[in-house]
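>>> predicted model and sequence follow; I will ask about them next.
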Amino acid sequence: MAEITWELFQSQVEACAQCGLCRGIRHKVPGQGDPHAPLMFIGEGPGQVEDEQGLAFVGPAGQLLTRMLAAIGLPRERVYICNVVKCRPPQNRVPTPEEAQACLIHLRTQTYLVRPRVIVLLGSTAARNLLDPEIRITRQRGQWTERKGVWMMPTYHPSALLRDPEKKRDAWTDMQRLRDKLIELGLYGDLYGAEAPDQKSIST
Ligand code: SF4
């Protein structure tokens, strides 16, 4: 069996035609960021801007995610960001369960390569495919689950925050929970090279 490497992962995604989503796309969007980040974000699928550029989370939702990370002192380049499916669904529809299942092999490979300690699941598609098929994001967001030493938390997808700004308050609470988990695990200062901000400075 061939050794799993980032080069192999990239070539497998590029060549993949395991589902119909690859028809009509401009670019595959494998994901990007620190290849050994302790913190990984997983969203649903590429949108229009991501499809044009071949990069994950570079459209308006991605820009919001970058600001949310900055708000808890994390530079985006120190995390790894990707999606459940690597090809843009037509009209940004939700990927079908079959499409998500077909693409999970790529997500498993990149999770194996990154080996994150903490994973944030952005939106229902990521949470249902990686945590619980019955999950209700509005009820179960912000809750931590530990699997084989990896801590996972579902929260709203940034696109949902753009559609409904009322959700931003809850999303901010989840980002604070994320910061607290990173501090608890000793990852915040050590791996991000930043002093853990106190509660007051984060909240204002
Ligand atoms: S979405 Fe995933 S499984 Fe489907 S063709 Fe693209 S890379 Fe392959």
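All right, it came through fine.
>>> show me what from the chain comes close to the ligand.
13, 16-19, 21-22, 28, 85-87, 99, 102-103, 106 (C-beta under 6 Å from any ligand atom). Using the backbone N, CA and C atoms, a C-beta is placed for each residue, glycine as well.
>>> residue boundaries of the helices in the protein?
With DSSP state H, the ranges of helices along the chain come out as 6-15, 48-53, 60-71, 97-114, 124-130, 137-140, 158-163, 168-184, 188-192, 199-203.
>>> can I get these in TSV with distance to Gln32?
As requested, the helices of the chain are exported to TSV (distance: least, C-beta to C-beta, whole Å):
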stretch	distance to Gln32
helix 6-15	11
helix 48-53	10
helix 60-71	11
helix 97-114	10
helix 124-130	17
helix 137-140	25
helix 158-163	16
helix 168-184	20
helix 188-192	18
helix 199-203	27
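>>> just these: most buried one?
Ranked by mean neighbour count, the helices of the chain are led by helix 124-130 with a mean of 23 (mean count of other C-beta atoms under 10 Å).
>>> worst mean pLDDT among the helices of the chain?
Among the helices of the chain, helix 199-203 carries the lowest mean pLDDT, at a mean of 39.
>>> distance of Arg78 from the ligand?
26 Å (C-beta to the nearest ligand atom, to the nearest Å).
>>> likewise for Tyr156?
Using C-beta to the nearest ligand atom, Tyr156 is found at 23 Å from the ligand.
>>> over to Glu7?
Distance from Glu7 to the ligand, by C-beta to the nearest ligand atom: 16 Å.
>>> so for Asn80, what's the pLDDT?
Not quite, residue 80 is Tyr, not Asn. At Tyr80, pLDDT is 97.
>>> if I pick Cys103, what's in contact with it?
Cys16, Gln18, Cys19, Leu21, Val84, Val85, Lys86, Cys87, Pro95 (C-beta atoms under 8 Å, 6 or more residues apart in numbering).
>>> now render the residues you listed as a markdown table, adding pLDDT and neighbour count.
What follows is the contacts of Cys103, written out as a markdown table (pLDDT from 0 to 100; neighbours: other C-beta atoms under 10 Å):
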| residue | pLDDT | neighbour count |
| --- | --- | --- |
| Cys16 | 98 | 18 |
| Gln18 | 98 | 16 |
| Cys19 | 98 | 18 |
| Leu21 | 98 | 24 |
| Val84 | 98 | 25 |
| Val85 | 98 | 27 |
| Lys86 | 98 | 26 |
| Cys87 | 98 | 27 |
| Pro95 | 97 | 22 |
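>>> next, format the residues you listed as CSV and append distance to Phe57.
CSV is the format used below for the contacts of Cys103 (distance: C-beta to C-beta, whole Å):
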residue, distance to Phe57
Cys16, 20
Gln18, 23
Cys19, 21
Leu21, 18
Val84, 13
Val85, 14
Lys86, 13
Cys87, 15
Pro95, 16
